[in-house]
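Colleague: Have a look at this fold, sequence not included:
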């Protein structure tokens, strides 16, 4: 087990801090997650690599986790409207159009195993039960913070609509409810981070 | 960071080996995962805590990841038939009836971080990309082996059917295809374990 190379790690932290500020400037960044990312950067032995505050997407794919041959045709980080889904469903699918709702995901790099375990504990406290350490290397220890929030519904196969058009509004309500459940976990993460000591 | 207490860990390994054999005897165990569990037990610094070979369930819940107020009303580790789903859909939901397909999940306890990293590498090689270290304590290091295979489809809300009954067979085909994708990852895990050295 190689230990973390502190010098390398600190250099990367500074690079990613700059990228974060530049992403913020350009408008790439979800505003509702920014303060959480900055809270991680403030910790001496942590920084964030990437993040998503939770989203609703429609993807054209054989199965929703298959990246090859898949195309994202709709993406939104806020609740969707029935009309937006109706628009998307006008087009036929190469494979299957999937409505996928995912909760927040944050990748954190830590400089020590001790800090990785602390971050995991904070994530658990926030109810992000599917969090874990993904890898350990001299570049750092990568911790994934993740909730169990996930829905994947097949909407249309080729030109064959699988959901009745008169049930779309129920489906949209459920998807939006799922999205908000994810956002609530972010609130909890914010609280857990605020009260935890570096 | 407390290290793993080897004596405690070995005692637990023996207890869980006995439970595994007893579960096998009673018929609790998925046959298609047994040899993989035994391969982990054969490794000097690993044993499995729990496992699921992948399954299709119907659960009555507000959202599929909410355990409170949720009831499993159908569960199968093999492909399902349209008739089985039709039977389930005859009853109304307290909340929402969800069709949930999940891939295989295995929890492994290791006696060292080095072995945890080895197990993670084997999981990645098998395409179980959502694997990670969940916790570290003197009782052992817990590694979760998991795929991205997951579908969750709302079928019925209270007495309101959300899927058209004439589209059930397409849905069942998709669910079965997802289940088999998960089982394929188990095959790959078997191969990756066989060629890895303890």
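Modeller: Noted; the coordinates are in hand. On a predicted model such as this, the values are computed, not experimentally measured, just so you know.
Colleague: Check whether the spatially closest residue to residue A:131 that is not a sequence neighbour sits in a helix, strand or coil.
Modeller: Distance criterion C-beta to C-beta, 6 or more residues apart in numbering or on different chains; nearest residue to residue A:131, sequence neighbours excluded, is residue A:123 at 3.9 Å. Every residue, glycine included, has its C-beta placed from N, CA and C. Secondary structure assignment for residue A:123 (DSSP: H, G, I helix; E, B strand; the rest coil): helix.
Colleague: and the gap between residue A:123 and residue B:150?
Modeller: Per C-beta to C-beta, to the nearest Å, residue A:123 is found 20 Å from residue B:150.
Colleague: The two - which one has more neighbours?
Modeller: residue A:123 (26 against 22; other C-beta atoms under 10 Å in any protein chain shown).
Colleague: So which residues of chain A form helices?
Modeller: Under the criterion DSSP state H, helices of chain A are mapped to A:6-26, A:31-42, A:82-89, A:113-125, A:168-195.
Colleague: wait, the residue nearest to residue A:131 sits on residue A:185?
Modeller: No - using C-beta atoms under 8 Å, residue A:123 makes no contact with residue A:185, being 9.3 Å away.
Colleague: Could you pull up the residues touching residue A:143?
Modeller: A:107, A:108, A:109, A:110, A:116, A:119, A:120, A:123, A:131, A:132, A:133, A:134 (C-beta atoms under 8 Å, 6 or more residues apart in numbering or on different chains).
Colleague: from the residues you listed, which single one is nearest chain B?
Modeller: residue A:132 (2.6 Å; C-beta to the nearest C-beta).
Colleague: Tell me the pLDDT of that closest one.
Modeller: With respect to pLDDT, residue A:132 scores 98.
Colleague: And for the one 3 residues further on?
Modeller: The pLDDT attached to residue A:135 in the predicted structure is 96.
Colleague: Does it have any beta-bridge partners, and if so which?
Modeller: On the basis of DSSP bridges, residue A:135 is bridged to residue A:142.
Colleague: Mind listing what's buried along the helix-or-strand element of chain A with minimal mean pLDDT?
Modeller: Within chain A, no helix or strand scores below helix A:31-42, which has a mean of 92 by mean pLDDT, DSSP states H and E. For helix A:31-42, burial by neighbour count (16 or more other C-beta atoms under 10 Å in any protein chain shown) applies to A:32, A:33, A:36, A:37, A:39, A:40.
Colleague: How much space separates the fourth one from residue A:118?
Modeller: Going from residue A:37 to residue A:118 by C-beta to C-beta gives 17 Å.
Colleague: Contact partners for residue A:12?
Modeller: Contacts of residue A:12 (C-beta under 8 Å, 6+ apart): A:47, A:109, A:139, A:140.
Colleague: rewinding a little: just name whatever secondary elements the least confident helix or strand of chain A is in contact with.
Modeller: For helix A:31-42, the elements it packs on are helix A:6-26, strand A:46-52, strand A:105-110, helix A:168-195, judged by 3 or more C-beta pairs under 8 Å, 6 or more residues apart in numbering or on different chains; DSSP states H and E.
Colleague: what angle separates the third one from helix A:31-42?
Modeller: Right, the one you point to is strand A:105-110. Relative orientation of strand A:105-110 and helix A:31-42, computed by axes from the mean of the first three to the mean of the last three C-alpha atoms, to 10 degrees: 10 degrees.
Colleague: Is strand A:105-110 in proximity to chain B?
Modeller: No - using C-beta under 8 Å from any C-beta of the partner chain, we find that strand A:105-110 stays clear of chain B, coming within 10.9 Å at best.
Colleague: Sheet partners, orientation included, of that strand?
Modeller: Strand A:105-110 has its sheet partners listed here by DSSP bridges as strand A:46-52 (antiparallel), strand A:140-146 (antiparallel).
Colleague: Kindly compare burial across the ones you listed and name the winner.
Modeller: Sort these by mean neighbour count, taking mean count of other C-beta atoms under 10 Å in any protein chain shown, and strand A:140-146 sits at the top with a mean of 24.
Colleague: Looking at residue A:69 now. What's its pLDDT?
Modeller: 87.
Colleague: Pass me the low-pLDDT residue ranges in chain A, would you?
Modeller: Chain A contains residues with pLDDT under 70 at A:1-2, A:197-198.
Colleague: Which residues of it lie near chain B?
Modeller: Going by C-beta under 8 Å from any C-beta, the residues of chain A near chain B are A:1, A:62-65, A:96, A:113-114, A:117, A:120, A:131-136, A:144, A:147-154, A:157, A:160, A:162-164, A:167, A:170-171, A:174, A:177-178, A:181.
Colleague: ranking the helices of chain A by burial, who's on top?
Modeller: Sort those by mean neighbour count, taking mean count of other C-beta under 10 Å, and helix A:113-125 sits at the top with a mean of 20.
Colleague: and the angle for it with helix B:113-125?
Modeller: Relative orientation of helix A:113-125 versus helix B:113-125 (the same axes, to 10 degrees): 60 degrees.
Colleague: How far does helix A:113-125 sit from its chain's centre?
Modeller: Its chain's C-alpha centre and that of helix A:113-125 lie 18 Å apart, by C-alpha atoms, centre = their mean, to the nearest Å.
Colleague: so what's residue A:125 closest to, chain neighbours aside?
Modeller: Nearest one to residue A:125, counting by C-beta to C-beta, 6+ apart, is residue A:192 at 4.4 Å.
Colleague: Hmm, residue A:122 and that neighbour touching each other?
Modeller: Yes - contact criterion C-beta under 8 Å: residue A:192 and residue A:122 qualify, at 4.8 Å.
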